[in-house]
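Colleague: Next come a sequence and a model predicted from it.
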Amino acid sequence: MKTLIYINTKLNLNKKNLGGIESLNLYLKKELTKKKINCVISNKITKNISHKNWDNIISSNDSRIFEKVKSKKKILWLHNKLQIEKAFRKKQLIPIIKNQIYSVFNSRYLLENTSSIYFFKQRLIIPNFLTKEFENVKINYRRKPYFVWSVQREKGLNDLINLWIKKVYPNNKSLKLFIFGININKIQTFKINYKRYNIFFKGRVNKSILIKYYKNSLGMICLGYDETFCLNAIESYACGLPILTFGLTAVSEISTKKNSFRGSNFNHIYKHIVFLSEMNDKSRKKLIDNCVNYSKKYYIKNVIGKWVKLLKVSSNVK
């Protein structure tokens with residue numbers, strides 16, 4: 001069985017510290033190969049690729065390849081909202097409508113928020129999975145007074161920073177906020193000396209550094225704006241780190257009373273920060289274990305079977 005995994009990116013797929021979608025594609029290839037499925041991954045349509053008749057093509061967010069390369073089964077792996085405007089702009093609407101495409105959504109939220117105008121042959125939900133760095137992380141039960149933000153979108157961050165400066169820091173000067181994935185020039189600075197309030201911008205870092213902070217922190221602030229899956233939250237759970245969230249969008253599907261603290265406003269977020277900072281060792285250990293145990297359902301070995309079934313079975317797949 002010949003399977004092409006195609007990702008529309010200019011990145012060198014051999015480099016270290018690739019982005020989330022690139023990493024997922026590479027890990028999917030590795031695991032499918034272990035299952036005796038012959039896989040090729042590419043970000044270019046070479047002659048060797050275009051001249052073959054493939055059994056399966058899995059394409060991340062790009063349907064145009066189905067017009068250029070022949071395959072028995074066409075699978076569009078959706079990580080983001082495929083809005084009508086975006087499809088028109090990227091010339092994807094016609095390839096989707098013309099081809100009998102299986103669509104794989106990484107959450108129920110994404111499936112329900114993708115227009116029915118796309119006449120997919122079948123709509124399936126297969127969640128994103130943890131990369132190997134986050135499997136069986138050595139857990140640290142003694143935490144530092146740290147909180148982290150690692151979502152690479154800044155919506156809600158200014159409000160969080162205002163909360164931290166006006167309420168969190170004045171009442172507990174030992175707490176520290178580490179912001180990953182966003183540079184300081186992305187937000188309204190107002191010439192604030194953030195370090196004075198124990199706020200530290202770390203920018204983009206590799207996974208090993210993220211894991212180090214996740215393992216040592218009390219909580220991750222992940223509000224849940226416009227998340228179609230939120231792998232960041234699953235990665236934090238794998239390190240025993242609960243999230244503080246509004247529980248919006250797809251985050252509602254992966255946050256429970258055992259691994260998260262939900263609120264409907266920033267005053268609730270503040271109360272959760274205080275609660276976590278004052279939690280006793282016994283309760284914290286139970287919370288950490290709950291997070292880790294929940295994350296295991298997203299180990300690739302527990303997700304790969306759904307991909308194997310989709311690739312191998314005929315059009316009556318359930």
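Modeller: Perfect, thanks for sending it.

Colleague: number of nearby residues for K34?
Modeller: 11 (other CB atoms under 10 Å). To be clear about C-beta, it is placed using only N, CA and C from the backbone, and glycine gets the same treatment.

Colleague: can you map out the strands along the chain?
Modeller: 2-7, 38-42, 53-60, 70-78, 101-105, 122-125, 146-149, 176-180, 199-203, 219-221, 243-245, 260-262 (DSSP state E).

Colleague: Show me what the fourth one is packed up against.
Modeller: What that stands for is strand 70-78. strand 53-60, strand 101-105, helix 304-312 (3 or more CB pairs under 8 Å, 6 or more residues apart in numbering; DSSP states H and E).

Colleague: May I see the buried residues of the first one?
Modeller: It refers to strand 53-60. W54, D55, N56, I57, I58, S59, S60 (16 or more other CB atoms under 10 Å).

Colleague: cool, the longest one as well?
Modeller: For helix 304-312, burial by neighbour count (16+ other CB under 10 Å) applies to I304, K306, W307, L310, L311.

Colleague: pLDDT wise, what is the second one at?
Modeller: In this prediction, K306 carries a pLDDT score of 96.

Colleague: distance of the nearest residue to N172 once chain neighbours are set aside from Y213?
Modeller: Using CB to CB, 6 or more residues apart in numbering and skipping residues adjacent in sequence, the residue nearest N172 is S277, 6.2 Å away. For S277, the distance to Y213 (CB to CB, to the nearest Å) stands at 16 Å.

Colleague: Next, the contact list for K72, please.
Modeller: N53, W54, D55, N56 (CB atoms under 8 Å, 6 or more residues apart in numbering).

Colleague: just checking, the first one touches L4?
Modeller: No: contact status for N53 versus L4: not in contact, 10.6 Å apart, counting by CB atoms under 8 Å.

Colleague: shared neighbours of these two, anything?
Modeller: What both N53 and L4 touch, as defined by CB under 8 Å, 6+ apart, is the set S71.

Colleague: Please, where are all the helices along the protein?
Modeller: For the chain, applying DSSP state H gives helices covering 20-34, 47-50, 65-68, 84-89, 93-98, 108-112, 157-163, 169-171, 207-216, 231-238, 251-254, 266-278, 281-295, 304-312.

Colleague: Would you mind writing the CA trace of the fourth one as PDB?
Modeller: Meaning helix 84-89. Extracted C-alpha coordinates of helix 84-89, given in PDB (Å, rounded to 0.1, in the frame of the first residue of the first chain):
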ATOM      1  CA  ILE A  84     -15.300  29.700   2.600                       C
ATOM      2  CA  GLU A  85     -13.400  32.900   2.100                       C
ATOM      3  CA  LYS A  86     -10.100  31.100   2.900                       C
ATOM      4  CA  ALA A  87     -10.900  28.300   0.500                       C
ATOM      5  CA  PHE A  88     -11.600  30.800  -2.300                       C
ATOM      6  CA  ARG A  89      -8.500  32.800  -1.600                       C
END
